[in-house]
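1. sequence first, then the predicted structure:
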Amino acid sequence: MQKMTMTLVAAAILATAAFLIFQQSKNTQMADALGHSGSTSKVLSPPSGGAAEYKAKIALAASKIDDQHPLRLYKPRPGIEGRNAMDEIYFQGVPATAQLVSLARTLLHSGTLSPDEKIPLLRILTRLYDRANTTGVNADIASELKNFAFDQDKQVAAQAAVNYARQVEYQPGTELVLVLKKVLENGTLDASAYYQELAHLIPSSPPEKQKEFLAEIRAAGSLIGRDVLVMALNSGEEFNAVSFLKSSEDMAELLRETEPTFGPLVGLGLGQAVRYTEWLRASAAIESHKTGRSIDEVIIARLSQPNTDERKVMGFLLSPQAGPMLAAAAPDSPVQKLVAVAQVYSAQSPGNLTMIEFVKAIRGRMKHPPPPLPPIVAMPPTGPLPGPSPAPPGYPMYVPPAQR
């Protein structure tokens, strides 16, 4: 009970102090804005002595929370038990303080943790790294992750390398790309993981590095690298380097060379459908950027080409992005004709309930669905009964029993 009371008091102090400092910062920013606009008005802010007192209270409250944090009380445990315990701490959340960073680093170097415990602890340490450098020790966290990327345990090293690349992102002087190449060479990461992380670096990289990384991914024909960049392009967000990806000939060529395909079996897997639809949208976005046609126009034109695999049509029509097109489709429009293609393909497998449900879902989003196909009536076979089939070598010929 006493510990709970101390925690609540510390949290209350921390929240109050943070609010007051936020107000002070807000007032200062307002005063700066007014000053730049030429206004003679002034905004009063708390005296500097008060701000120092608030910061001291925050530090005191944070230290109390750190003292009671499960990471400080953690006792090493073997195997999966230790991993589960560390995972629980990770999911509970770790406040971004310099003290907890120091504690996590001490545990990592204590020599008492198993690899199963180090892996989630590295995730905890990574979470304490942010762009605002809340802890004030981002450089120490980055250095720790870089060093553990060469740990003797390959699973620990892989976790550290991925966290290092994904969280620190591209920054001149971090040796991040060099670290990725080294862990690829020593087998810590396989080629797929390497190109995945290289693709994740593109949005945070300067233009010359974006071109270099994308050219490397294209030369390798990396499918997972393609998938990462497709998601970035389809996000439509500029912080994902959308403008660069739309205008890059390497990106266009990568998509042309790695168009997703469907297997020989009849039917549609949702994983295949999603991958193709995302590829189609990204490819259409690039063409739209070059030609000025809308993305929807490009997609409809591509799917309407002769001999297009019907599963590509159905896959896109099932996607959320197809919803507005389906709702607005007029009778005898290109979209309605694509739905008719999906219906005919589904009818080829009358016993496939999944395909039937797919078509129902597509039609259910339309104001003007195409006419349903007439039901298929099974007809008994006509003509003479087939004779016995020749038996494989070494087997007696099958002779059907005489009918009585």
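-> Okay, I see it.
2. can you point out the buried residues in the one helix or strand Arg218 maps to?
-> Using DSSP states H and E, Arg218 falls within helix 207-220. For helix 207-220, the neighbour count (16 or more other Cβ atoms under 10 Å) marks 210, 212-214, 216-218 as buried. Any C-beta I mention is one placed from the backbone N, CA and C, and that applies to glycine too.
3. quick check: Val101 touching Asp140?
-> Yes. Here Val101 reaches Asp140: they are 6.6 Å apart, a contact under Cβ atoms under 8 Å.
4. what's the closest non-adjacent residue to Ile286?
-> Ala252 (5.0 Å; Cβ to Cβ, 6 or more residues apart in numbering).
5. picking up where we left off before, with pLDDT and distance to Gly225 added, can I get the buried residues of helix 207-220 in a markdown table?
-> Formatted as a markdown table, those follow (pLDDT from 0 to 100; distance: Cβ to Cβ, whole Å):
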| residue | pLDDT | distance to Gly225 |
| --- | --- | --- |
| Gln210 | 95 | 13 |
| Glu212 | 95 | 13 |
| Phe213 | 96 | 9 |
| Leu214 | 96 | 9 |
| Glu216 | 96 | 9 |
| Ile217 | 97 | 4 |
| Arg218 | 96 | 8 |
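6. take these and write them to a markdown table, including distance to Thr308.
-> As requested, the buried residues of helix 207-220 are exported to a markdown table (distance: Cβ to Cβ, whole Å):
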| residue | distance to Thr308 |
| --- | --- |
| Gln210 | 33 |
| Glu212 | 35 |
| Phe213 | 33 |
| Leu214 | 28 |
| Glu216 | 32 |
| Ile217 | 27 |
| Arg218 | 25 |
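7. one step back: between Val101 and Asp140, who's got more neighbours?
-> Between Val101 and Asp140, counted using other Cβ atoms under 10 Å, Val101 has the larger neighbour count: 22 against 17.
8. so which bits of the helix or strand hosting Ala160 are buried?
-> Following DSSP H and E, the helix or strand that holds Ala160 is helix 154-163. Using 16+ other Cβ under 10 Å as the test for burial, helix 154-163 gives 156-163.
9. and the next helix or strand past it?
-> Criterion used, DSSP H and E; the element after helix 154-163 is helix 176-185.
10. check contacts around the nearest residue to Gly323 once chain neighbours are set aside.
-> Leaving aside its sequence neighbours, Gly323 sits nearest to Arg365 (Cβ to Cβ, 6+ apart; 5.5 Å). Arg365 sits next to 322-323, 326-327 when contact means Cβ atoms under 8 Å, 6 or more residues apart in numbering.
11. of these, which is the nearest to Ala340?
-> The closest of the contacts of Arg365 to Ala340 turns out to be Leu326 (Cβ to Cβ; 12.6 Å).
12. contacts only, for that closest one.
-> When contacts are counted by Cβ under 8 Å, 6+ apart, Leu326 touches 317, 335, 339, 362, 365-366.
13. go again with 10 Å.
-> The contact partners of Leu326, by Cβ atoms under 10 Å, 6 or more residues apart in numbering, come to 317, 335-336, 338-339, 362-369.
14. which of the residues you listed fall within helices?
-> Within the contacts of Leu326, residues falling in helices by DSSP state H are 317, 335-336, 338-339, 362-363.
15. restrict the contacts of Leu326 to the buried ones and give me that as a ChimeraX selection.
-> Buried members of the contacts of Leu326, defined by 16+ other Cβ under 10 Å, are picked up in ChimeraX with:
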select :317,335,336,338,339,362,363,365,366,369
